[in-house]
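Participant: with the sequence up front, the predicted model follows.
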Amino acid sequence: MINIKEYIAPESIEKAYEVLMSRSNNLILGGCGFIKLDCKSIDTAIDLCNLSLDYIIENEKEILIGADTSLRELEINNIIKNYCGGVISSGVSYIGGVQLRNMARVGASVFSRYGFSDLLPPLLVLEARVRLYRGGIINLKEFLDKEYERDILLEIILPKKEGVAVFDCLRKTSGDFSIINGAMFKGKDGDYKIAIGSRPERAKLAVKASEALKDGINIDRALDMAAKELDFGTNIRGSKEYREDMCRVLVKRMYDRVGDYCDR
């Protein structure tokens, strides 16, 4: 059960940060789609709805996604659907139902670093960056590897890239959490990026396997490299051994798909 003592919707990011830091039990609210996964008491719940962070803006070099943008908007927005094969739109389309995607927010999904997130693998292979109020702009990979620090995520920054990316996952039923998920990017220069998530830990890049594919290593060897360089665990959705085997399956399926795209 979640117990919220006070709710506020500040008119400025400075005020939101001030309230956040005033007590250890104060918390930024996202769409609250997964808040019932935990049991806690919140002194002050801080809603960012008045800070104009609901946007998707494209410029010559980047696509900017505000933290208060819904996952549903990522799914249907034409800028995102046309970006690198629509991998982000594809990834979030698996998350729950339309009602949940209308509630869930980009900032909460990324800042919470959920292990089961279907959004993190595509963002990782696309070399996304995050803009934090106090922490500034850092690579998503660095952000995920860092120890948790209290801050406010303002936006996601996607670099314009020439290439295509795909998302894939395994789940028991439509709308369920992924047993394992992943994304792969292939650039026009032959560069590869592979990320595997729901291990059941948060998504992580398979760096050695990615470099091996770029260097022309046989795909079968690359599959083994990806499965061995990443750590897998067991939970109620699947065993460590199953996830390790399915990692090979996902990487091969994604490899075949990006090859098809780039050959068109």
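Facilitator: Ah, there it is. Numbers count the residues shown, from 1 in each chain.
Participant: which residue ranges form the helices in the stretch 1-150 of the chain?
Facilitator: Listed in chain order, the helices of the stretch 1-150 of the chain (DSSP state H, counting those that start in this stretch) span residues 13-22, 71-76, 78-81, 87-92, 98-103, 106-111, 120-125, 140-145.
Participant: other SSEs contacting the fourth one?
Facilitator: So the one you mean is helix 87-92. helix 71-76, helix 78-81, helix 120-125, strand 163-170, strand 180-187 (3 or more Cβ pairs under 8 Å, 6 or more residues apart in numbering; DSSP states H and E). Placement of C-beta: from N, CA and C, glycine included.
Participant: list the contacts of that helix.
Facilitator: 71-72, 74-77, 80-81, 101, 118-119, 121-123, 125-126, 164-167, 181, 183, 185 (Cβ atoms under 8 Å, 6 or more residues apart in numbering).
Participant: quick check, Ser41 in contact with Asn25.
Facilitator: Yes: taking Cβ atoms under 8 Å as the contact criterion, Ser41 and Asn25 are neighbours in contact, 6.5 Å apart.
Participant: picking up where we left off before, can you tell which of the helices and strands packed on helix 87-92 is closest to Tyr148?
Facilitator: Proximity to Tyr148 (Cβ to Cβ) singles out helix 120-125 among these, at 15.4 Å.
Participant: circling back: which among the contacts of helix 87-92 count as buried?
Facilitator: With neighbours counted by 16 or more other Cβ atoms under 10 Å, the contacts of helix 87-92 contain buried members at 71-72, 74-75, 77, 80, 101, 118-119, 121-123, 125-126, 164-167, 181, 183, 185.
Participant: quick one on the thing from earlier: most tightly packed of the helices of the stretch 1-150 of the chain?
Facilitator: For the helices of the stretch 1-150 of the chain, ranked by mean neighbour count under the definition mean count of other Cβ atoms under 10 Å, the leader is helix 120-125 at a mean of 29.
Participant: mean confidence score for that helix?
Facilitator: Averaged across helix 120-125, the pLDDT comes to 98.
Participant: in this structure, which residue is closest to the centre?
Facilitator: Closest to where the C-alpha atoms of the chain average out (Cα atoms, centre = their mean) is Leu120, at 1.8 Å.
Participant: got a list of contacts for stretch 52-66?
Facilitator: With contact meaning Cβ under 8 Å, 6+ apart, stretch 52-66 is reached by 67-70, 73-74, 77, 79-80, 83, 106-107, 154-160.
Participant: do stretch 229-246 as well
Facilitator: 170, 172, 177, 179-180, 196, 199-201, 204, 206-209, 227, 247.
Participant: so where is this protein shaky, pLDDT-wise?
Facilitator: The chain contains residues with pLDDT under 70 at 1, 30-40, 260-264.
Participant: over to Lys208: give its phi and psi.
Facilitator: Backbone torsions for Lys208, taken as degrees, to the nearest 10, come to phi -60, psi -40.
Participant: neighbours of it, how many?
Facilitator: Around Lys208 there are 15 other residues, counting by other Cβ atoms under 10 Å.
Participant: ok, Asp54 next?
Facilitator: If you count neighbours by other Cβ under 10 Å, Asp54 ends up with 16.
Participant: sorry, back to before: quick check: the residue nearest to the centre of the chain vs Ala195, distance?
Facilitator: In this structure, Leu120 and Ala195 are separated by 7 Å, where distance is defined by Cβ to Cβ, to the nearest Å.
Participant: between those two, what contacts are shared?
Facilitator: Common neighbours of Leu120 and Ala195 (criterion: Cβ under 8 Å, 6+ apart): Ala203.
Participant: hmm, back to that, which among the contacts of stretch 229-246 end up buried?
Facilitator: By neighbour count, with 16+ other Cβ under 10 Å, these hold 170, 177, 179-180, 196, 199-201, 204, 206-207, 209, 227, 247 as buried.
Participant: can you tell me which two in those are farthest apart?
Facilitator: For the buried ones among the contacts of stretch 229-246, the maximum inter-member distance is 25.5 Å, found between Phe177 and Val207 (Cβ to Cβ).
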